Every structure is written in structure tokens, then in C-alpha cells.
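S.K.: Give me the fold of what follows.
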Amino acid sequence: MITRTLDRTRENLAVSRNWTSFKTKHPTMLRGLVYGYRAYRSYKHIQYRRIYAAMKPFTMIPKHGYINNLSLCDEYRSVRGSIVECGTWKGGMIAGIAKMFGEGRAYYLYDSFQGLPPATERDALPDGYSAISWQADLKKPEFADIAERSSLKVDASFAREAMQLSGVLNYKIVPGWFKDTLPTYEGGPIAILRMDGDFYESIMDTLNNLYPYVVKGGIIIIDDYYYWQGASKAVHDFLSQHNLSDTIHQHRDGYPYILKH
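M.R.: Model (predicted):
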């Protein structure tokens, strides 16, 4: 929240007609604000990098994207509620968020731990390569070296280890397909919902079941919005079907997210 406020203050001053006057009349105050802003941002970036270093074995997200996720969540740390991740793999991302936020809220990790569900005709990469074809290709002998990792099948013990590393105690790991597990969610209001379900049906299951729990001012991070066509289509279909005015924002050069009105 502090970082977001500082950014907005800087932007507002930059376009203000009084900006030149302020710089001239208050040079000492200006230097103090600039140095303080830079010091705070530097401190936060060091914190994010340390968290990434600790959680790197438990995530596929590249360093830049991981830090971007942490920065985005940090801007909404004042929103009260649970942190929920749908599509957690080894738990490295939500464990990093937990390490940053600490105790005082609940953390929920949803994943099949059996890999991805079967793709549908709605799912494709940005270049049009069908996810159905992609899953079929992974079964071929020539792709055996990448098939296991790409399937995302993993033992839930990794997520448990990551959460233990985060230092928080109030977390719950829920294995199973989203269509079966999400209807039983009982974690109360959600401050941050992170969707990493890849395919259309998984994203739609997440929104249908958990959107009502996201509090006003809370956010829904859409990990695969630019990667899988089905993910972005599910988001737009859901907002359209329910006639919602919630807007999709872009966090700097990284992840898109829905800000709930």
C-alpha cells in the first residue's frame, strides 16, 4: 500500500501545474522525498529477492515474474482476508507471499497434484497451437524428457515443505480437481486470489466458486492471461456473463489482475 501510494503521489506531482513551483521553493523537502522513496523501494526489492532465493526450488516462475507477483501482493497487503492460490504446484509462490505477509491470515493451496486436466477446444497458446495437441505431443517418446515437468504432476509434500519454510502455521493444502474441491471452500473472505489453472475450465471453476468470497478492493491475479487463450477467455466470459464492471489492471510490466469493485 505504501509503495502504491508513493507511486501515485509521484505521478500526480509530475503532471501537476505546481510541480515546477514546488521544486523551486522546497528543494530540501524534494530531495528528502526522493531519497526516502528510493531507499524504501530498494529495501522492498531486497526483501523480494531474498524471498525468491528461499522459494526458488518450489516455483517455475522466473525471478522477474516472481518478484512482480510479490510486489503486486504487497501493494494490497492492507486488504484483510485469506490468501488463496488455485494451481499451486510445489507451493513456492503462495509460500513466498506467506513469508512476506506472515501470520494473521489464512492461506489456502488448491491443486490436483495429478497434473493438468484434459484441455478443451478453447485452450491454445497465443500462436494458436492447440492445448489438446500439446498434451498429445507430450505423450510421444521424443518429448519424454520434458513431459513429466510439463504435466505439472507433483507430490503435495513439496507444497507442505514450502509452507513450512514460510514460517506460517495457518495454511491448508487441498488436493483434487477444482470442480470437486472449490465448492467446499470454507476460508471466509478472500483478499488475494491467485489463479494459475492454465485452462478455460479450471479458471471458470475458480471464478464461479471463489469470486463471491473476494472482498471489495481485493484482487484476483490471472497468471496465464497472456499464455493460454482459454485463461483469458474464461475471465472475459465470466465478467460478461455476470455483467460485472470489475476492471482488469496491469501491474507494471508483469501480471494482469482484476480489482474487485
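
S.K.: what about the longest strand in the protein?
M.R.: strand 214-222 (DSSP state E).

S.K.: Residues touching it, excluding its own?
M.R.: 69, 72-73, 76, 79-81, 189-195, 203, 207, 211, 231-232, 235, 248, 255-261 (C-beta atoms under 8 Å, 6 or more residues apart in numbering). Bear in mind the C-beta positions are built from the backbone N, C-alpha and C, glycine included.

S.K.: among these, which are in helices?
M.R.: Judged by DSSP state H, the subset of the contacts of strand 214-222 located in helices is 69, 72-73, 203, 207, 231-232, 235.

S.K.: Phi, psi for Val168 please.
M.R.: Note on Val168: its backbone torsions stand at phi -90, psi 150 [degrees, to the nearest 10].

S.K.: Now do it, the pLDDT please.
M.R.: Looking at Val168, its pLDDT stands at 97.

S.K.: Hmm, it is touching Ala106, no?
M.R.: No: with contact defined as C-beta atoms under 8 Å, Val168 does not reach Ala106; the gap is 9.0 Å.

S.K.: More neighbours: which of those two?
M.R.: Val168 (20 against 17; other C-beta atoms under 10 Å).

S.K.: Pull out the buried residues from the contacts of strand 214-222.
M.R.: With burial judged by 16 or more other C-beta atoms under 10 Å, the buried subset of the contacts of strand 214-222 is 69, 72-73, 76, 79, 81, 190-195, 203, 207, 211, 231-232, 235, 255-258, 260.

S.K.: Helices of the stretch 51-200 of the chain, start to end?
M.R.: Under the criterion DSSP state H, counting those that start in this stretch, the stretch 51-200 of the chain contains helices at 63-75, 92-101, 131-137, 144-151, 156-166, 178-181, 200-210.

S.K.: Can you give me every residue that contacts Phe101?
M.R.: 73, 77, 83.

S.K.: Export the residues you listed as TSV, with columns for pLDDT and distance to Trp89.
M.R.: Below are the contacts of Phe101 laid out as TSV (pLDDT from 0 to 100; distance: C-beta to C-beta, whole Å):
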residue	pLDDT	distance to Trp89
Cys73	95	17
Arg77	93	23
Ile83	98	16
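
S.K.: from those, which is closest to Gly102?
M.R.: Arg77 (10.0 Å; C-beta to C-beta).

S.K.: In this structure Gly87 contacts Ile203, no?
M.R.: No: Gly87 lies out of contact with Ile203 (C-beta under 8 Å); the separation is 9.1 Å.

S.K.: next one: stretch 93-108 to chain centre, how far?
M.R.: 12 Å (C-alpha atoms, centre = their mean, to the nearest Å).

S.K.: One more: stretch 188-208?
M.R.: The answer for stretch 188-208 is 10 Å, by C-alpha atoms, centre = their mean.

S.K.: Put the alpha carbons of that stretch into PDB.
M.R.: Taking C-alpha atoms only, stretch 188-208 is exported to PDB below (Å, rounded to 0.1, in the frame of the first residue of the first chain):
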ATOM      1  CA  GLY A 188     -14.100 -16.900   4.500                       C
ATOM      2  CA  PRO A 189     -13.400 -13.500   2.800                       C
ATOM      3  CA  ILE A 190     -10.500 -13.500   0.300                       C
ATOM      4  CA  ALA A 191      -8.100 -10.600   0.000                       C
ATOM      5  CA  ILE A 192      -6.000 -12.100  -2.800                       C
ATOM      6  CA  LEU A 193      -7.000 -14.900  -5.100                       C
ATOM      7  CA  ARG A 194      -4.200 -16.100  -7.400                       C
ATOM      8  CA  MET A 195      -5.400 -18.200 -10.400                       C
ATOM      9  CA  ASP A 196      -2.800 -20.400 -12.000                       C
ATOM     10  CA  GLY A 197      -5.100 -23.000 -13.500                       C
ATOM     11  CA  ASP A 198      -3.900 -22.700 -17.100                       C
ATOM     12  CA  PHE A 199      -7.000 -23.900 -18.900                       C
ATOM     13  CA  TYR A 200     -10.500 -22.500 -19.500                       C
ATOM     14  CA  GLU A 201     -12.500 -24.900 -17.300                       C
ATOM     15  CA  SER A 202     -10.100 -24.500 -14.400                       C
ATOM     16  CA  ILE A 203     -10.200 -20.700 -14.500                       C
ATOM     17  CA  MET A 204     -14.000 -20.800 -14.800                       C
ATOM     18  CA  ASP A 205     -14.300 -23.200 -11.900                       C
ATOM     19  CA  THR A 206     -12.200 -20.900  -9.800                       C
ATOM     20  CA  LEU A 207     -14.200 -17.800 -10.600                       C
ATOM     21  CA  ASN A 208     -17.600 -19.400 -10.300                       C
END
